[in-house]
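Trainee: just coords:
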């Protein structure tokens, strides 16, 4: 890639970042494909990327561009996803409190007594029912975050396609939406954690002899902070899953990439997912046809990159499968 083209790539990236900062709008993600399309088209070798033209400097530059692209989309995805998730989780707490107090007043009247002598068993049951009713299986969370996850997945998929010189077909985009939707629905697991946290706090409050109203006040003052503390970790995990899905599918559909490698994961866990005996974190040279089997533990921080390309005559390179050492 010439210096002039590199300059145009850098300028386009800066412009996209500036737009995001000025407008603070996640729809800026939608503007990235055209910016990237304009500046990378002339850098694709004649005949497309192959094993023959990716073994040297051009291949290393392509690798760096793909990593930068993933980082750029990931940063914008975090910025869009975290506020929606935090608002949802704080709202959950308020809905549980409202449900519990409504049920209590329905039974004991609007002007309820101090209820220090309120039996513990009904007290816990009242809160348990409120928690179960208001924090269900997580379908509401999927609806709340779905537009963001789909946008992130589609934009990353399209951008990677542009880098490889490929335009997605409607069928490919439809298939990607299904895969991203499957990944996004995994977010419902956080509701189980929230239910368990709330239930534990209720039991503690009741064991101290606090009233229903004191319990509600304690939860209102403490649970939102607990929820907020979880937002960065959940955002990183869920957006990472969506990004990994989009990258794997984009590289498979490119018909250019033959093998993928995971790099940069800081925690290679012994009890985490494995592929053919190797931990998936920092695994090397997985044939692209096995991309569905490449899953990661929740604390995964690595990034998927292309490590093998088909030859000009269509042959698949023979690359050894490998993996990094465990963190412990």
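Mentor: Great, that's in hand. Being a predicted model, the structure only gives us computed values, none of them experimental.
Trainee: for residue 208, grab phi and psi.
Mentor: Here is the backbone geometry of residue 208 (degrees, to the nearest 10): phi -90, psi 0.
Trainee: then residue 298?
Mentor: phi -60, psi -30.
Trainee: how far is whichever strand or helix holds residue 96 from where the chain is centred?
Mentor: Applying DSSP states H and E as the criterion places residue 96 in helix 57-108. A distance of 9 Å separates the centroid of the chain from that of helix 57-108, by C-alpha atoms, centre = their mean, to the nearest Å.
Trainee: toward the C-terminus, what is the element adjacent to that helix?
Mentor: helix 120-134.
Trainee: and that next one, how far out from the chain middle?
Mentor: 32 Å.
Trainee: helices or strands next to the next helix or strand after that helix in the packing?
Mentor: Per DSSP H and E, helix 120-134 leads on to helix 139-163 as the next helix or strand towards the C-terminus. The contact analysis (3 or more C-beta pairs under 8 Å, 6 or more residues apart in numbering; DSSP states H and E) places helix 139-163 against helix 32-40, helix 57-108, helix 170-184, helix 212-253. Using the backbone N, CA and C atoms, a C-beta is placed for each residue, glycine as well.
Trainee: report the central residue of the protein.
Mentor: Residue closest to the mean C-alpha point of the chain, counted by C-alpha atoms, centre = their mean, is residue 239 at 1.4 Å.
Trainee: isn't that residue right up against residue 81?
Mentor: Yes - Residue 239 is within contact range of residue 81, at 5.5 Å (criterion: C-beta atoms under 8 Å).
Trainee: between those two, which contacts overlap?
Mentor: Contact criterion C-beta atoms under 8 Å, 6 or more residues apart in numbering; residues shared by residue 239 and residue 81: 149, 152.
Trainee: in the chain, where is pLDDT below threshold?
Mentor: 1-42, 108-121, 136-138, 188, 327-328 (pLDDT under 70).
Trainee: please parse it into its domains.
Mentor: 3-255, 256-328 (automatic domain parsing).
Trainee: chain center to the first one: distance?
Mentor: To tie it back to what came earlier, the one meant is domain 3-255. With C-alpha atoms, centre = their mean, you get 5 Å for domain 3-255.
Trainee: now do stretch 292-305
Mentor: Worked out by C-alpha atoms, centre = their mean, stretch 292-305 lies 11 Å from the chain centre.
Trainee: report the buried residues of it.
Mentor: Neighbour counts using 16 or more other C-beta atoms under 10 Å place 294, 296-297, 300, 302-305 of stretch 292-305 among the buried residues.
Trainee: how long is that stretch end to end?
Mentor: End-to-end distance for stretch 292-305: 15 Å, by C-alpha to C-alpha, to the nearest Å.
Trainee: re earlier: now, the buried residues of stretch 292-305 that are in helices?
Mentor: Judged by DSSP state H, the subset of these located in helices is empty.
Trainee: quick revisit: what angle separates the helix holding residue 96 from helix 139-163?
Mentor: 170 degrees (axes from the mean of the first three to the mean of the last three C-alpha atoms, to 10 degrees).
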